[in-house]
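In: any chance you could fold what I've pasted below:
(chains A, B, C and D)
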There are 2 protein chains.
Amino acid sequence: MKSLKTLLEEQAYRPAPDERPSVTVDIVLFTISEGELKLLLIKRRDEPFKAMWAIPGGFVRKGETLDQAALRELREETNVSGVYLEQLYTFGDPERDPRTWVITVAYFALVNSVNLQIKAETDAIDASWHSINNLPTLAFDHRKIVDYAVWRLRNKLEYTTVGFQLLPEKFTLTELQRVYEIILDKTLDKRNFRKKILSLSILKELNETKMDGIHRPAKLYTFVEKL
Amino acid sequence: MKSLKTLLEEQAYRPAPDERPSVTVDIVLFTISEGELKLLLIKRRDEPFKAMWAIPGGFVRKGETLDQAALRELREETNVSGVYLEQLYTFGDPERDPRTWVITVAYFALVNSVNLQIKAETDAIDASWHSINNLPTLAFDHRKIVDYAVWRLRNKLEYTTVGFQLLPEKFTLTELQRVYEIILDKTLDKRNFRKKILSLSILKELNETKMDGIHRPAKLYTFVEKL
DNA sequence: CCAAAAGTGTTAGTGATACACCCATGT
DNA sequence: ACATGGGTGTATCACTAACACTTTTGG
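Out: Numbers count the residues shown, from 1 in each chain, chains lettered A, B, ... in the order given. Below you'll find the predicted structure:
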């Protein structure tokens, strides 16, 4: 048994167990399909907000990092893996969960449409992709989280290379341009786009072309970090 | 007493109290004085890392938001108020506290040197300012947090107006330039700096000058959001 | 030879950088 | 009159934005 001294020190050191919040991770998982930016939503099975749409997430477990928790939840709830993951913001409004005190560390994640296929096969009923232009009402403060994630994605697209995470390993420049256009929600000039992307020296031109059949074959490129 | 059903539902819904982490906020508080970028450190009174330097922080309490917790801790531990505050990142490595499971939401904060004076008077022994070029060994993973905060501050300086938070309400362009130079750790061209800052239309020229005595008086400006 | 997407250069404008001298004040 | 920091303009360079035609393929 612990000594009184130890107990008092611990008391001073950290709050009593029932004065601690629960901590969750919630993930805004984006993909591009059918020419739209979409995100994955789960239909809740439990209270609160039972039967309402929510972004995937769950409690952080003892012994795991936050990133690990986010990846685990994605795998468990949606069978998606191989994603790009990045911490977004931590939401701690005491009212955000109507029942109890839950602080959530929000993430945003990106998958390409190939991995998306895998997902759609294995998990059909409770999880589905929704266009960001047509979202249902979301549980908790998830709408706020989603809006922030979209804002961050748009920003990061301009000064980082996250965009590549939404494409398969090999892609054409037109496909890449479409990713940018869909996320930024505006058309881009083909020549200027190519000039800018190629000037970054982060693409390797492959000796392959995409034969989509009817048109002129397009060169395939692959993403190479810091050439 | 709660029914069995309720208990089971809650069990499913959230982890048992002793399976929850503690959650803290930790704040990297910057100021500029003596021509250097400094941050506030506290000498720890308790284990773990007793007597070691750490950034101010403490447990989030039930009923308060994370921002509120950060402001409260700053007030309690350092008597500083009126700061610019911004959430930085959440650190959740299960090993980051050697004793127990503590997740911390890190913030960075900025105060101008006027408020700094107030602080130094009221709190002398346990808290002091340290140049980021000469930091002692820090408790926990605080060094990592500090490094990240410095990186973020440098970045944000380039595309936001956070720099003004480190100056009093009225300031000269040279003083503003010094803030940028100290944080970015490089000299800037006076004419180009003025041209750029003034082109942003976020400064109002006052009909006052700073009479520092011996030299030509400098015009005073004040910061106006979105003119 | 037609339809459709791939691919390619030049010009104009805007913002960033480099650089040197006169001005106003107190002593 | 001098020492010191305050204040100002111009030329070059790099990046962004606007814009239209030729090429390659399958049918």
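In: what is the longest strand along chain A packed up against?
Out: Criterion DSSP state E: the longest strand present in chain A is strand A:22-33. When contacts are defined as 3 or more CB pairs under 8 Å, 6 or more residues apart in numbering or on different chains; DSSP states H and E, strand A:22-33 sits against strand A:36-43, strand A:57-59, helix A:66-78, strand A:102-110, helix A:113-122, helix A:142-159, helix A:173-184. Glycine gets a C-beta too; all of them are placed from N, C-alpha and C.
In: indicate which one of these is closest to chain B.
Out: In terms of CB to the nearest CB, the element of the helices and strands packed on strand A:22-33 nearest to chain B is helix A:66-78, at 3.7 Å.
In: which SSE is immediately downstream of the closest one?
Out: As assigned by DSSP states H and E, the chain's next helix or strand after helix A:66-78 is strand A:84-91.
In: got the angle between that next one and helix B:66-78?
Out: Put simply, strand A:84-91 runs at 70 degrees to helix B:66-78, going by axes from the mean of the first three to the mean of the last three CA atoms, to 10 degrees.
In: for strand A:84-91, output the C-alpha coordinates as PDB.
Out: The C-alpha trace of strand A:84-91 is given here as PDB (Å, rounded to 0.1, in the frame of the first residue of the first chain):
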ATOM      1  CA  TYR A  84      -1.100  10.700 -44.600                       C
ATOM      2  CA  LEU A  85      -1.900  11.900 -41.100                       C
ATOM      3  CA  GLU A  86      -1.400  15.300 -39.500                       C
ATOM      4  CA  GLN A  87      -2.500  16.700 -36.200                       C
ATOM      5  CA  LEU A  88      -5.000  19.600 -36.600                       C
ATOM      6  CA  TYR A  89      -6.100  21.100 -33.400                       C
ATOM      7  CA  THR A  90      -7.300  20.200 -29.900                       C
ATOM      8  CA  PHE A  91     -10.900  21.000 -29.000                       C
END
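In: is it positioned near chain B?
Out: Yes: applying CB under 8 Å from any CB of the partner chain, one finds strand A:84-91 touching chain B at A:Q87, A:Y89, A:T90.
In: starting from that strand, tell me which strands it pairs with and how they run.
Out: Strands that pair with strand A:84-91, judged by DSSP bridges, come out as strand A:102-110 (antiparallel).
In: still on that earlier bit, including pLDDT and neighbour count, could the residues of strand A:84-91 next to chain B go into a markdown table?
Out: Listed next are the residues of strand A:84-91 next to chain B as a markdown table, based on pLDDT from 0 to 100; neighbours: other CB atoms under 10 Å in any protein chain shown:
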| residue | pLDDT | neighbour count |
| --- | --- | --- |
| A:Q87 | 98 | 17 |
| A:Y89 | 98 | 20 |
| A:T90 | 98 | 24 |
